[in-house]
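S.K.: I'll drop the sequence and a predicted model, then ask my questions.
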Amino acid sequence: MIYEVFRQERKGQPLQHAGSVEAADDHFADVYAREQYGRRGESTALWVVARDAVIEIDDFVDELNRNYHRVDGYPLKEKLKEARDRVSAGEG
Amino acid sequence: MNEEVQRTLLEIADDELILGWRDSEWTGVAPLLEEDVAFSSIAQNEIGHARALYELVARAQGTTADALAFDRSPDEYRCAPLVELRLMDWAETIARHYLYEEADAKRLEQLKQLDDPEIAGLAAKIDREEAYHRIHAQMWFDRLQDEPRFIEALEKLRPQAETLLDSTKRGEHTPELTDLWEEMTMVRRSQPVGTTW
């Protein structure tokens, strides 16, 4: 069975996917995950979860390219930079 | 560091070096890939522990860790016969691993109580890694405890494990140690005198 391993590098940080281990059951997965992802002080916590238990959703389609629905469709960084440049050019 | 302590540390260092060497024989041939990684890592830890212990003894004896590890003749090693055996049988290897970790835990507990802060500190450091070895050994014990082959291996090796905690029973070696020693020291012995790396 494949188990996915998530690890937390420092307390308070989110757990991030680190990799996977193959193990016969939860007990073996626990030991192998500690061995490979935890025991050299590189993690403060691990989540070990059977891949089968993960609800995977990957059927996102965006055929009509309606990215105006998304909040990330309007990047402000560039616009702010332009505005600042305009202002400082006006001052100069 | 008095001679008795030096002797004890050397016994443990020799056990760790030879067991690490034997365990490393499973690299690439363990029953599962994950186990291959885990068991090889344990082997490497044991050799690392040997190095640290040899360094303490070497300082007291005015020599080097390498000289202690590789320049003695086989009959000068103080390891227990249990760690010398070439066991290319997984049930027997796990039985030895379990019995060794059981004895090693008791031994480290004693070292941690010594007045010498350097030895006690090293023992505590080693024990933090051995904790993972014990978890690993227990996992396999739980899995194999009802298997006749494993039960038989435990019964066969248990009397030898008792030597681990009894200095007076050490000194006798198996012929397997000589074969191991030949291979282990091959490069070291082949280098011209005065070679530095």
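M.R.: Alright, I've got the coordinates. Note that this is a predicted model, so its numbers are computed, not measured. Numbers count the residues shown, from 1 in each chain, chains lettered A, B, ... in the order given.
S.K.: Number of residues surrounding residue 51?
M.R.: If you meant another chain, say so; for now it's chain A. 12 (other CB atoms under 10 Å in any protein chain shown). For glycine as for every other residue, the C-beta is placed from the backbone atoms N, C-alpha and C.
S.K.: To clarify, I was referring to chain B.
M.R.: Number of residues near B:R51 (other CB under 10 Å) recorded here: 18.
S.K.: give me phi/psi at it?
M.R.: Per-residue torsions, B:R51: phi -60, psi -50 (degrees, to the nearest 10).
S.K.: list the contacts for it?
M.R.: Residues counted as contacts of B:R51 (CB atoms under 8 Å, 6 or more residues apart in numbering or on different chains) are B:65, B:69.
S.K.: Break down chain A into its strands, ranges please.
M.R.: With strands called from DSSP state E, chain A shows them at A:2-8, A:16-22, A:45-50.
S.K.: out of those strands, deepest packed?
M.R.: Greatest average neighbour count among these goes to strand A:2-8 (a mean of 19), per mean count of other CB atoms under 10 Å in any protein chain shown.
S.K.: Report the angle between it and strand A:16-22.
M.R.: Using axes from the mean of the first three to the mean of the last three CA atoms, to 10 degrees, the direction of strand A:2-8 lies 150 degrees away from that of strand A:16-22.
S.K.: Now do strand A:2-8: distance to the chain's middle.
M.R.: 12 Å (CA atoms, centre = their mean, to the nearest Å).
S.K.: Sheet partners, orientation included, of that strand?
M.R.: Sheet pairing here is set by DSSP bridges, and for strand A:2-8 it gives strand A:16-22 (antiparallel), strand A:45-50 (antiparallel).
S.K.: Contacts only, for the residue most central in space within chain B.
M.R.: Per CA atoms, centre = their mean, the C-alpha nearest to the average position across chain B is that of B:E16, at 2.1 Å. The neighbourhood of B:E16, defined by CB under 8 Å, 6+ apart, consists of B:46-47, B:49-50, B:53.
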